[in-house]
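Asks: need a structure here:
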Amino acid sequence: MVAAARPAGRRNVLFIAIDDLNDWVGCLGGHPDVRTPNLDRLAARGLLFTNAHCAAPLCNPSRAALMTGLRPSSTGVYDNRQPFRKAAPSRDAITLPQHFMTQGYRVVGGGKIYHGSFPDPVSWQEYFPSQQQTKPPDPMPRQRPLNGIPDTGHFDWGPLDVPDSEMGDWKVAEWARRELGRKHDRPFFLAVGFFRPHLPWYVPRKYFEMYPEEKVTLPLVKDDDLDDVPPIGRRFARPEGDHRKVIQYGQWRKAVQAYLASISFVDTQVGRVLEALDEGPNVQDTLIVLWSDHGWHLGEKLHWRKFALWEEATHNVLIFAVPGLTRPGSRCSRPVSLMDIYPTLVDLCELPRRSGLEGVSLMPLLRNPAAAWDRPAVTTYLRGNHSVRSERWRYIRYRDGTEELYDHLNDELEWHNLADKSEYHTIKQELARWLPAADAADGPREEGVSEAED
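Replies: Got it, this is the predicted structure:
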């Protein structure tokens, strides 16, 4: 892309979030069957971080951390029932969009950016569909569940016989296209939040037809994978829950098909937004950052969903495309965190820096993806449980002091826990330096908000 016509400090920001998207994206190579041409083209347009990780492997704390710049261990926002505005350490936080607002930006959003139950209206000047209802409704099948598994709530999947235009994510993309199609009189921060591939995996049938069930590739899973995992990790995995039901009802291949279909559906919506940017009047002045809020298990470690500290749950998509800065098609394997987005955007747009942010700017890596980088990525799941992911290692310490250690150079599927082997004591000590010094007390919880439904 050509260099920005405006001074760098007046760049527009196109801020795209995708819910529950793991590394099953073509450019990340996480699944051999997946088709994501638009995400792949965006990665080819800028810098793809291949080793990016969330601050928390569930929606509310991950997004609250990204948007406030404060870790769960600092705020006490650990689960989906805890609004960050009711936790004392983050009650008065200046969020990322608020900071842009103070600097004269037009700050608008649509779709799922914050956790759906806690939309934070003060972060936006305008919102689609509204400040209270941030997600347009989706069509639903007449009879549920479609997958035949009883009593599992929104843990369901199957095709819908509807056009794309009836889907909530299509409507969010259409709103974003209108915003991108017109010239603005001041720089903008445009946040576009997509809900799929969040459960339930109901998307139009044509996306299921892209992945014939009999040809779907299942994840590689080791049946005794939890044997060397501490008790807390096994409780997080809950093999007797979702995984047992998926196997019992013969739904594993159908579930993978549905997740892939949902990914391709949202990829199409991302493509529509990027098309509007490229065809509109703002392309030369607009940087793009696209992220997913955490990963997702589909049977690995005999576990489904997120809610864990292994690679499948913490690894997410992160792409920056900055006109005049990022080299098209570049890749970076340094471990980075979603916490780093806030300070990076501040630097990219030459806004005043904010003290207290717990991420660091990725500017050195945007300039040179091979630059020296000694920071691992830290992920927290509930109070006192943390993962430290370096370029080679993953170290997990649970609240009772039990540990896991995986060598990604030789064990990228995290099948062999090395934590009890004496020869790795020094490595564990080095990684443990990055654990939070303290774990804040749990913040207040909102009544009537489900932990699982995020």
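
Asks: Nearest to the spatial middle of the protein, which residue is it?
Replies: D293 (1.8 Å; C-alpha atoms, centre = their mean).

Asks: pLDDT value on it, please?
Replies: We have a pLDDT of 98 for D293.

Asks: ok so L277 is a strand residue?
Replies: No - per DSSP: H, G, I helix; E, B strand; the rest coil, L277 lies outside any strand segment and is helix.

Asks: What distance do you get for it to D285?
Replies: Between L277 and D285 the computed distance is 10 Å (C-beta to C-beta, to the nearest Å). Bear in mind the C-beta positions are built from the backbone N, C-alpha and C, glycine included.

Asks: likewise R205?
Replies: With distances taken as C-beta to C-beta, R205 is found 39 Å from D285.

Asks: ok, now which ones touch A419?
Replies: Neighbouring residues of A419 by C-beta atoms under 8 Å, 6 or more residues apart in numbering: 395, 403-405, 428.

Asks: Which one of these is nearest to L351?
Replies: L351 lies nearest to Y395 out of the contacts of A419, by C-beta to C-beta, at 34.3 Å.

Asks: count of neighbours near that closest one?
Replies: 27 (other C-beta atoms under 10 Å).

Asks: helices and strands around the helix or strand hosting it, which ones?
Replies: Y395 is part of strand 393-397, with elements assigned from DSSP states H and E. Applying 3 or more C-beta pairs under 8 Å, 6 or more residues apart in numbering; DSSP states H and E, we find strand 393-397 packed against strand 386-389, strand 403-407, helix 425-432.

Asks: again, only this time at 6 Å
Replies: With contacts taken as 3 or more C-beta pairs under 6 Å, 6 or more residues apart in numbering; DSSP states H and E, strand 393-397 sits against strand 386-389, strand 403-407.

Asks: Redo these as a markdown table? Include distance to Q251, mean neighbour count and mean pLDDT.
Replies: Compiled in a markdown table, those are given as follows (distance: least, C-beta to C-beta, whole Å; neighbours: other C-beta atoms under 10 Å; pLDDT from 0 to 100):
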| stretch | distance to Q251 | mean neighbour count | mean pLDDT |
| --- | --- | --- | --- |
| strand 386-389 | 29 | 26 | 98 |
| strand 403-407 | 28 | 20 | 98 |
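
Asks: Can you give me every residue that contacts the residue nearest to the centre of the chain?
Replies: Applying C-beta atoms under 6 Å, 6 or more residues apart in numbering to D293 gives the contacts 59, 62-63.

Asks: Select from these every entry located in helices.
Replies: 59, 62-63 (DSSP state H).

Asks: Sketch out the helices for the stretch 101-250 of the chain, chain order is fine.
Replies: 168-180, 205-209, 231-237, 244-248 (DSSP state H, counting those that start in this stretch).

Asks: One more: the stretch 301-450 of the chain?
Replies: 311-314, 341-348, 363-367, 425-432.

Asks: just to revisit the earlier point, now render the contacts of D293 as a markdown table, adding distance to L260.
Replies: Converted to a markdown table, those look like this (distance: C-beta to C-beta, whole Å):
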| residue | distance to L260 |
| --- | --- |
| C59 | 21 |
| S62 | 23 |
| R63 | 24 |
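
Asks: Go through those residues and say which is closest to W157.
Replies: When the contacts of D293 are compared for distance to W157 (C-beta to C-beta), C59 wins out at 18.7 Å.

Asks: so how far is H416 from that closest one?
Replies: From C59 to H416 the distance is 30 Å (C-beta to C-beta).

Asks: Give me the more crowded residue out of those two.
Replies: Between C59 and H416, C59 has the larger neighbour count (other C-beta under 10 Å), namely 24 against 15.

Asks: pretty sure the more buried one is touching Y114, no?
Replies: No - in this structure, C59 is not within contact of Y114 by C-beta atoms under 6 Å, at 8.9 Å.

Asks: out of the contacts of D293, which one sits closest to E447?
Replies: C59 (18.3 Å).

Asks: Can you give me the pLDDT of that closest one?
Replies: At C59, pLDDT is 97.

Asks: what does F15 give?
Replies: 99.

Asks: where's it, which helix or strand?
Replies: Judged by DSSP H and E, F15 forms part of strand 12-18.

Asks: Identify all contacting residues around that strand.
Replies: Outside strand 12-18, the residues touching it (C-beta under 6 Å, 6+ apart) are 113, 187-194, 266, 282, 285-292.

Asks: Neighbouring strands - and their directions - for it?
Replies: strand 188-194 (parallel), strand 286-292 (parallel) (DSSP bridges).

Asks: Isn't P187 up against V107?
Replies: No - applying C-beta under 6 Å as the test, P187 and V107 come out as separate, 9.9 Å apart.

Asks: Please enumerate the strands of the stretch 51-200 of the chain.
Replies: Ranges of strands within the stretch 51-200 of the chain are 52-53, 106-111, 126-128, 157-160, 188-194, based on DSSP state E, counting those that start in this stretch.

Asks: can you put those in CSV and add distance to F100, mean pLDDT and mean neighbour count?
Replies: Shown next, in CSV, are the strands of the stretch 51-200 of the chain (distance: least, C-beta to C-beta, whole Å; pLDDT from 0 to 100; neighbours: other C-beta atoms under 10 Å):
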stretch, distance to F100, mean pLDDT, mean neighbour count
strand 52-53, 22, 98, 27
strand 106-111, 5, 98, 24
strand 126-128, 14, 98, 19
strand 157-160, 36, 98, 20
strand 188-194, 4, 98, 26
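
Asks: closest to K306 out of these?
Replies: Closest of the strands of the stretch 51-200 of the chain to K306 is strand 52-53, at 12.1 Å (criterion: C-beta to C-beta).

Asks: now the closest one: how far from the chain's centre is it?
Replies: 9 Å (C-alpha atoms, centre = their mean, to the nearest Å).

Asks: cool, stretch 376-393 as well?
Replies: Remark: stretch 376-393 is offset 15 Å from the chain centroid, using C-alpha atoms, centre = their mean.

Asks: Could you do stretch 112-122 as well?
Replies: Distance, centroid of stretch 112-122 to centroid of chain: 15 Å (C-alpha atoms, centre = their mean).

Asks: Distance across that stretch, terminal residue to terminal residue?
Replies: 15 Å (C-alpha to C-alpha, to the nearest Å).

Asks: Could you give the average pLDDT over that stretch?
Replies: Stretch 112-122 comes out at a mean pLDDT of 94.

Asks: again with stretch 67-86
Replies: 98.

Asks: can you list the residues that contact that stretch?
Replies: Contacts of stretch 67-86 (C-beta under 6 Å, 6+ apart): 55-56, 58, 60-61, 64-65, 87, 89-91, 93, 95-96, 118, 342, 357-358, 380, 382-383, 436, 439-446, 449, 451, 454.
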